[in-house]
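# Fold the following and give me the result.
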Amino acid sequence: MTSDLAQWMGYLAAGQTTGSFIPQAVHAFRSPSLAGISLSMYAAFTLGVLLWLAYGVLLGAWPIIIANLLTLALAGTILLRTLVQRRRARPHWQGAIAERLNAAGRAGASERQRDEQVDGPHAEQIVPRVAQPAVAGPQVVGVGGAGHQPAIVGAAAVL
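Numbers count the residues shown, from 1 in each chain. Here you go, the predicted model:
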C-alpha cells in the first residue's frame with residue numbers, strides 16, 4: 001500500500017511540475033522572438049532535466065522518466081530554437097569582419113592592409129589613427145614663465 005501511494009504521489013508531482021512548464025513552452029512556441037530567454041539558464045535547466053531522466057531510468061521510476069522525458073522535449077526544443085534564432089540574428093558585419101581578418105592574416109598582410117580591409121581604405125580620413133602635426137617644421141609647444149625657455153619640437157636641438 002505504501003509503495004502504491006508513493007508511486008501515485010510521484011505521478012502527481014511529475015504531472016504538476018511538467019504541467020507548470022507547459023505555459024512557458026507554449027509562449028515560447030508562439031512568440032516570434034526569444035530574446036527574453038536566458039540561454040545559459042535554459043542550457044543548465046535542460047542538462048538538469050537530462051540528468052533527472054537518467055536518474056529515473058537507473059531507478060526504473062516511471063514517474064521520473066515520463067515527467068523528465070516530456071520536459072526534456074519541451075526545454076530542448078526551446079533551447080534549440082533560441083540557439084538558431086540568436087545565430088541568425090547575429091549582425092552580418094561581425095561575420096564579415098571576422099572573415100576579412102582571417103583572410104588578411106592568412107595572406108600575411110601588413111597591419112595597415114588589415115586595417116584597410118576591416119575599416120575601409122578611407123577610415124583614417126574619418127578618424128586618424130595617429131595624431132599628425134598641422135604644420136611641418138619646428139613648433140613651439142610651450143612657453144615657460146620667468147627664466148624658462150620655450151620648448152621647440154622638431155628642430156635639431158631643444159632650447
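# Of all the residues in the host helix or strand of G15, which ones are buried?
Using DSSP states H and E, the element containing G15 is helix 2-30. Neighbour-count burial for helix 2-30, counted by 16 or more other CB atoms under 10 Å, picks out 10, 14, 18, 21, 25, 28. Bear in mind the C-beta positions are built from the backbone N, C-alpha and C, glycine included.
# Between those, which sits nearest T2?
Here the nearest of the buried residues of helix 2-30 to T2, counting by CB to CB, is G10; it sits at 12.6 Å.
# ok now do that closest one, which residues does it touch?
Residues counted as contacts of G10 (CB atoms under 8 Å, 6 or more residues apart in numbering) are 61-64.
# now that we have those residues, which one has the most neighbours?
I64 (21 neighbours; other CB atoms under 10 Å).
# Next, find the distance separating that residue from P23.
I64 is 22 Å from P23, where distance means CB to CB, to the nearest Å.
# got it, and W8?
24 Å.
# All the helices of this structure, residue numbers only.
Remark: helices assigned in the chain by DSSP state H are 2-30, 39-59, 62-89, 92-106, 111-119, 123-126.
# now the protein, which segments are flagged as low pLDDT?
1, 90-159 (pLDDT under 70).
# rerun that using 80 as the cut-off
1-2, 89-159 (pLDDT under 80).
# Residue ranges of each domain in it, please.
2-89, 91-127 (automatic domain parsing).
# highest average neighbour count across those domains?
domain 2-89 (a mean of 14; mean count of other CB atoms under 10 Å).
# Endpoints of that domain, how far apart?
By CA to CA, to the nearest Å, the extent of domain 2-89 from end to end equals 53 Å.
# Over to stretch 48-68?
First-to-last residue span, stretch 48-68, CA to CA: 9 Å.
# What of stretch 51-66?
For stretch 51-66, by CA to CA, the gap between its terminal residues amounts to 13 Å.
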